[in-house]
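Trainee: need a 3D model of the following:
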Amino acid sequence: MAAAQDVLLLVGRLNYVWTNTESLLIYVIAHLLGVEKDAAIVVFLTLNTTRARIDLTERLAKLPRIPTETRDEVLAITERLKQQSKMRNKYNHCIYSVDEQGEISSTQLMRLVEGEKDVRYGKVEQLDAREMERLDNAVREITEISKRLWTFIRSRPNFDERSI
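Mentor: Modelled structure (predicted):
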């Protein structure tokens, strides 16, 4: 079991680093499309899911005119983002079970799993020290992805930090 305050602090950090990191895709999209940041923001905000934004970024990176090293770098970054999106989705789309002391004991996913003859929902997972460590590691990994994105963005020709 984990103290509710500790869980909520980590989930808050997870959301904070995720949102900031995902928004960096705006600059990647601008570079891949060869457009100004304003146009990339419109594209980014028009796509209303993380999955759609990552899919677009990957598809743009695979265009024939994109240099191999750029494609490989973008795809490596988006792969890492996709892996971490699983943890982000889990903690943003679950119910937290609380024990008598107010501590969070488990999460229950709000997802249907449909079999041939049955429907199941709400996989329950314990929120123990091991899971808290996984959550903390996800925050660190997303922070590292953000740093890698910034390195990529700053290395692009015509990038102007004043436009941030």
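
Trainee: show the pLDDT at the residue most central in space within the chain.
Mentor: Geometric centre of the chain, nearest residue: S85, 4.0 Å, by C-alpha atoms, centre = their mean. pLDDT for S85: 95.

Trainee: for E58, same thing?
Mentor: At E58, the model reports a pLDDT of 98.

Trainee: quick one, what contacts it?
Mentor: Each residue near E58 by C-beta atoms under 8 Å, 6 or more residues apart in numbering is listed here: 74-75, 78. Just so you know, the C-beta spots here come from the backbone N, C-alpha and C atoms, and that holds for glycine as well.

Trainee: in which helix or strand would I find R148?
Mentor: Element membership of R148 [criterion: DSSP states H and E] is helix 129-154.

Trainee: again, but for Y27
Mentor: Secondary structure assignment for Y27, by DSSP H and E: helix 25-33.

Trainee: chain center to that helix: distance?
Mentor: Its chain's C-alpha centre and that of helix 25-33 lie 17 Å apart, by C-alpha atoms, centre = their mean, to the nearest Å.

Trainee: ok, then the element right after that helix?
Mentor: Downstream of helix 25-33, the next assigned helix or strand under DSSP H and E is helix 37-46.

Trainee: for that following helix, buried residues please.
Mentor: 37, 40-41, 43-44 (16 or more other C-beta atoms under 10 Å).

Trainee: try stretch 107-121
Mentor: Applying a neighbour-count criterion of 16+ other C-beta under 10 Å, one finds 107, 109 buried in stretch 107-121.

Trainee: using PDB, write out every CA atom in it.
Mentor: Extracted C-alpha coordinates of stretch 107-121, given in PDB (Å, rounded to 0.1, in the frame of the first residue of the first chain):
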ATOM      1  CA  THR A 107      -5.600   0.500  -9.100                       C
ATOM      2  CA  GLN A 108      -8.400  -0.800 -11.300                       C
ATOM      3  CA  LEU A 109      -8.100  -0.100 -15.000                       C
ATOM      4  CA  MET A 110     -11.200   1.400 -16.700                       C
ATOM      5  CA  ARG A 111     -10.900  -0.700 -19.900                       C
ATOM      6  CA  LEU A 112     -13.000  -3.400 -21.400                       C
ATOM      7  CA  VAL A 113     -11.400  -6.700 -22.500                       C
ATOM      8  CA  GLU A 114     -13.900  -8.500 -24.800                       C
ATOM      9  CA  GLY A 115     -13.500 -12.200 -25.300                       C
ATOM     10  CA  GLU A 116     -15.400 -14.400 -27.700                       C
ATOM     11  CA  LYS A 117     -18.100 -15.100 -25.100                       C
ATOM     12  CA  ASP A 118     -17.400 -12.700 -22.200                       C
ATOM     13  CA  VAL A 119     -16.500  -9.200 -21.300                       C
ATOM     14  CA  ARG A 120     -14.100  -8.400 -18.500                       C
ATOM     15  CA  TYR A 121     -13.100  -5.000 -17.200                       C
END
